[in-house]
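In: everything below, folded, please.
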Amino acid sequence: MINKLTIIGLGLMGGSLAKALKAQGAVGEVVATGRRAESLERGLQLGVIDSYTLDMAEAVAGADVVVIATPTLVAEKVMAELAPLMTPDMVVTDVASVKGNIQRAAERIFGEVPANFVLGHPIAGSEQSGVEASSVDLFLDHRVILTPLDNTASSAVVLIREMWESCGAEVVCMDVAEHDSVLAATSHLPHVLAYTLVDALAQNGAAADIFKFAAGGFRDFTRIASSDPTMWHDIALANRDAILQGIDTFSSHLELVRKAIEEGDGEAIFTSFDRAKRARDEHFLGQYLSRQKKSPSS
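Out: So this is what the prediction gives:
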């Protein structure tokens, strides 16, 4: 039971966390703070939070858990403001998609990442944003990655783990660098590709017809291009090196496929496509079967 939870930055992630914990009776009071009174007031109207204040000191006073739920680059500024307000019995965590820059920023601000600061990242989201888009089951059956450091207090890790598990999430721990590399390939790069494809086609002289006759595959692939540009702008800059490596790897493979198409090399095209299909099917079928085994109805 978290007696008082403070959310800094009330949007999709923070709002969904508050809803899920309230639904499970895992939190007593939820207080939110941020820079925009409008979104905080909206969260109060929707019953997502119990109260709000624009004064961070007031918001975090007496909090058991403080969640930094702002965009990645904003989180660095929040930490600087939060630093003099932290107490030893307060556990702080975040939801940023990049962990390396949060670690480095914390080290600059605090000297080292405090033992009661648990770096975290829920692997869940939506192309919608804002507290209005928050959902009680956003984290259900999704993974949350925690990246504790050598000095992170085990009690703090346990508390944050139990908080996310209360939301129905599966919690795993991972090294910071490994997290940023994996997420660059599986999340950050796909968003970059989706944004770039839609932007490129939008500049095409036949853009109207292209979008008019786009089929389901195009809509499915580009759905994530409707995500919050501010958030993904921050992620692209914060995880620059890993994303660039992913772009280079993808570009080299795309060039091979381009060459095969140009030369009419059907065998090379089929081999690439078939290898990709088998890899995806084997991976996601394994995940599906694992979930079925865990399901009470199976």
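In: okay, the residue lying closest to Ala184 once chain neighbours are set aside and Phe270: tell me how far apart.
Out: Distances taken as C-beta to C-beta, 6 or more residues apart in numbering put Ala242 closest to Ala184, at 3.6 Å, once the chain neighbours are dropped. The C-beta positions use only the backbone N, C-alpha and C, and glycine is treated the same way. Remark: distance between Ala242 and Phe270 (C-beta to C-beta, to the nearest Å) = 31 Å.
In: so for these two, which residue has more residues nearby?
Out: Ala242 (21 against 11; other C-beta atoms under 10 Å).
In: quick one: contacts for Val198?
Out: With contact taken as C-beta atoms under 8 Å, 6 or more residues apart in numbering, Val198 is in contact with Thr222, Ala225.
In: okay, buried residues for the host helix or strand of it please.
Out: Using DSSP states H and E, Val198 sits within helix 189-202. Residues of helix 189-202 classed as buried: Leu189, His191, Val192, Leu193, Ala194, Tyr195, Val198 (neighbour count, 16 or more other C-beta atoms under 10 Å).
In: and stretch 21-41, by the same measure?
Out: For stretch 21-41, using 16+ other C-beta under 10 Å, the buried residues are Leu21, Lys22, Ala26, Val27, Val30, Val31, Ala32, Thr33, Gly34, Ser39, Leu40.
In: any chance of those residues in JSON lines, with distance to Leu159 and secondary structure too?
Out: Listed next are the buried residues of stretch 21-41 as JSON lines, based on distance: C-beta to C-beta, whole Å; DSSP: H, G, I helix; E, B strand; the rest coil:
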{"residue": "Leu21", "distance to Leu159": "12", "secondary structure": "helix"}
{"residue": "Lys22", "distance to Leu159": "17", "secondary structure": "helix"}
{"residue": "Ala26", "distance to Leu159": "11", "secondary structure": "coil"}
{"residue": "Val27", "distance to Leu159": "12", "secondary structure": "strand"}
{"residue": "Val30", "distance to Leu159": "16", "secondary structure": "strand"}
{"residue": "Val31", "distance to Leu159": "18", "secondary structure": "strand"}
{"residue": "Ala32", "distance to Leu159": "20", "secondary structure": "strand"}
{"residue": "Thr33", "distance to Leu159": "21", "secondary structure": "strand"}
{"residue": "Gly34", "distance to Leu159": "23", "secondary structure": "coil"}
{"residue": "Ser39", "distance to Leu159": "27", "secondary structure": "helix"}
{"residue": "Leu40", "distance to Leu159": "25", "secondary structure": "helix"}
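In: ok, so of those residues, who is nearest Ala184?
Out: Taking C-beta to C-beta as the measure, Gly34 is the one of those closest to Ala184, at 27.9 Å.
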